[in-house]
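Take this sequence and fold it.
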Amino acid sequence: MKSALKDLKNMTVLIDTNVALDILLNRQFYYENAAIIFSLSKNKLIKSYISASSITDIFYIAQKEQGKKTAKEALKRILNGFYPATVTDSDIYQAIDIDWDDFEDSIQYIVGDGLSVDYIVTRNIKDFTLSPIKAVTPEQCLQIVTDIEY
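Numbers count the residues shown, from 1 in each chain. You can find the predicted model right below:
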C-alpha cells in the first residue's frame with residue numbers, strides 16, 4: 001500500500017477535546033490516529049486549532065491523571081501543533097442561542113465557524129449532527145488527507 005498526501009495547504013480543522021486527550025493520555029485504540037493528525041499539524045501540512053475552552057478542560061483532566069507539572073508540559077507539547085483559538089463573549093452568547101444538548105459542543109461549533117474550519121475532528125461525531133461544519137473522526141480525517149493506492 002502506497003500513500004501520498006493530498007495538497008493540504010488550505011485545510012483547516014478544529015480539534016475536539018477528546019482527540020487532544022487521546023494524544024496526551026496515550027489512550028489505547030485512539031492514540032495512533034490522533035498522533036498522526038498532530039504530526040501533520042506540527043509539520044504545517046494542515047492547520048489545526050483547539051479552542052481555549054478545550055485547553056482548560058484538557059489541563060483539568062490531565063492534571064487529575066498526571067499531576068500539575070506533567071499536565072503543563074503536555075499542554076506545551078499540544079500547543080506546538082495546534083493553534084489556540086479564542087472563545088469570546090460573543091461565541092458564548094451564540095452557543096447559548098443555538099441551544100444544543102451539549103453546551104461544550106456548541107462552543108466548539110461556534111469557534112470552528114468563526115475560524116471557517118473545514119472539519120471538526122472528534123471521536124463523537126454524533127454530538128455534531130446539528131453542525132453545518134462536517135464532523136469527522138480522526139480516522140476519517142486521515143482518509144481525507146491521504147490518497148491510498150493499493
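
so how far is the first residue of stretch 42-50 from its last?
Using C-alpha to C-alpha, to the nearest Å, one end of stretch 42-50 lies 13 Å from the other.

Need the single longest helix in this structure, by residues.
Secondary structure assigned by DSSP state H gives helix 52-66 as the longest helix of the chain.

Tell me the buried residues in stretch 76-96?
Residues 78, 81-82, 85, 87, 91, 94-95 are the ones in stretch 76-96 that count as buried (16 or more other C-beta atoms under 10 Å). Where you see a C-beta, it was placed from the backbone N, CA and C, and this is true even at glycine.

Also stretch 55-68?
Within stretch 55-68, the residues that qualify as buried are 55, 57-59, 61-63, counting by 16+ other C-beta under 10 Å.

Pull the distance from stretch 41-56 to the chain's centre.
Relative to the centre of its chain, stretch 41-56 is centred 6 Å away, using C-alpha atoms, centre = their mean, to the nearest Å.

Same list (the buried residues of stretch 55-68) but as TSV, adding distance to Tyr119.
TSV is the format used below for these (distance: C-beta to C-beta, whole Å):
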residue	distance to Tyr119
Ile55	19
Asp57	20
Ile58	19
Phe59	24
Ile61	23
Ala62	24
Gln63	29
